[in-house]
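In: Predicted coordinates and the sequence they were generated for:
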Amino acid sequence: MSQSSHAPTLLVDLGGTNVRFGVADPSRDKPLLADSIRRYRVAEHDSLVATAKQYLADTDLEVSRAIVAAAGRIVDGETVKVTNNPWAISAQQTASALGLEYVHLVNDFAAQSMAVTLLRGADLVDVGTVPRPAVGAEAEQTFAVVGPGTGLGVGGLLVRGGHCSVLQTEGGHAGFAAHTPEDIAILDYLNHKYGRVSNERLICGQGLVNLYDAICHMVGATPDTLKPEDITARAKDDSCPLCVRTVETFAGIFGSVAGDLVLTLGAWNGVYLTGGLIPILLPWLERGRFRERFEAKGRFRDIMEKVPTQAIMNPEPGLLGAAALAVLESGRTLLPPR
């Protein structure tokens, strides 16, 4: 890889339904160029290369390299198969077709974790009253990043001696730990439906539906056929008590899962909540059940009460994280001087 420091970098956030593009200038303090962001529907284009060419034609921008954050497992740094996306992605072939120095494939949640280094001000909302952490303020810091969306992404951001790196995990697939009588009833219902019950079965979009169905079963009600957005909409307008209970239960269990992640990773410096559901569910996260269960860790309660939790409100954390990686690849640091 060439390490020319100021090369404009094409950024791609590739999901199953949409692909987002942007451009980074690694020499800037805010490397993601806000007016460069565009979104395209995957179903309307034949390939990533074709869509990238369309984007570059639409924006009249020139780039030298690319970072592609993809919702899938990267194989040998060269290929990725994105869930619910028909495109076959090869880093080498994409670079050749677009005339780029290189294409760097990264997992989308690794990019979202790295985005933490560039978040400022209105990008974040405090969940709870613990003061907001400063990334890079100490020589050694560990942050957890957890994000419910289509699934449940879990990662870590490590700061060590002036450098930052991402810890990629599959923590969303860890087993659900029931703590309350309601949890146990939910676990019993989902266990009969799925067998093993992971955290992702509850804390994601489909998890809202699973929780709603389980709560209806618990109270002897017949569930309506609802999508995640139906549940949150009915909870928001207070038209469905069972939907309200669903999102309140979601917030509590999410807090418990996030707290367990702190204990597992030693993420005493803070937790960042990301993903498409966060802005929608923020009112319920702020109302107390999230922090209540986040802190309820027995002998570690005193420590957990001091761990900050932040909701990421920036609408493009994937592109922002890819921009952060572009800065690192240019040789610049993402951390402020100490």
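Out: That came in fine, so what should we check first? Numbers count the residues shown, from 1 in each chain.
In: If I follow the layout properly, residue 155 ends up in contact with residue 115?
Out: No - Residue 155 lies out of contact with residue 115 (Cβ atoms under 8 Å); the separation is 10.8 Å. (Each C-beta comes from the backbone N, C-alpha and C, glycine too.)
In: Buried residues, stretch 10-27. List them.
Out: Judged by neighbour count (16 or more other Cβ atoms under 10 Å), stretch 10-27 contains these buried residues: 10-15, 19-26.
In: With respect to residue 322, which of those residues is nearest?
Out: residue 11 (4.2 Å; Cβ to Cβ).
In: My read is that residue 18 contacts residue 44, right?
Out: No - contact criterion Cβ under 8 Å: residue 18 and residue 44 do not qualify, at 10.2 Å.
In: Tell me the spacing between the nearest residue to residue 130 once chain neighbours are set aside and residue 132.
Out: Leaving aside its chain neighbours, residue 130 sits nearest to residue 308 (4.0 Å; criterion: Cβ to Cβ, 6 or more residues apart in numbering). In this view, residue 308 and residue 132 are 6 Å apart by Cβ to Cβ, to the nearest Å.
In: So between those two, which is more surrounded?
Out: Neighbour count, other Cβ atoms under 10 Å: between residue 308 and residue 132, residue 308 has more, with 19 against 12.
In: give me every residue that touches that one.
Out: 126, 128, 130, 131, 132, 133, 269, 270, 271 (Cβ atoms under 8 Å, 6 or more residues apart in numbering).
In: mind showing which ranges of the stretch 201-338 of the chain have poor pLDDT?
Out: Along the stretch 201-338 of the chain, segments meeting pLDDT under 70 span 338.
In: One more: the stretch 51-200 of the chain?
Out: For the stretch 51-200 of the chain, no range has pLDDT under 70.
In: swap the cut-off to 90 and go again
Out: By pLDDT under 90, the weakly predicted segments of the stretch 51-200 of the chain are 71-86, 88, 107-110, 149-151, 153, 161-162, 168-170.
In: Which positions within stretch 117-137 qualify as buried?
Out: 117, 118, 119, 123, 124, 125, 127, 128, 130, 133, 135, 136.
In: quick one: which of those is nearest to residue 247?
Out: Looking across the buried residues of stretch 117-137 and measuring by Cβ to Cβ, the closest to residue 247 is residue 127, at 14.7 Å.
In: so how many other residues sit close to residue 226?
Out: Neighbours around residue 226, by other Cβ under 10 Å: 19.
In: so which strand or helix has it?
Out: When elements are assigned from DSSP states H and E, residue 226 belongs to no helix and no strand.
In: now it: how far from residue 235?
Out: With distances taken as Cβ to Cβ, residue 226 is found 11 Å from residue 235.
In: What is whatever helix or strand residue 280 lives in packed up against?
Out: Residue 280 belongs to helix 278-286 when assigned by DSSP H and E. Applying 3 or more Cβ pairs under 8 Å, 6 or more residues apart in numbering; DSSP states H and E, one finds that helix 278-286 contacts helix 228-236, helix 241-265, strand 309-312.
In: Tell me the residues that contact both of residue 226 and residue 235, please.
Out: residue 243.
In: How much space separates the closest residue to residue 246 other than its chain neighbours from residue 34?
Out: Distances taken as Cβ to Cβ, 6+ apart put residue 212 closest to residue 246, at 4.5 Å, once the chain neighbours are dropped. Look at residue 212 and residue 34: by Cβ to Cβ, they are 37 Å apart.
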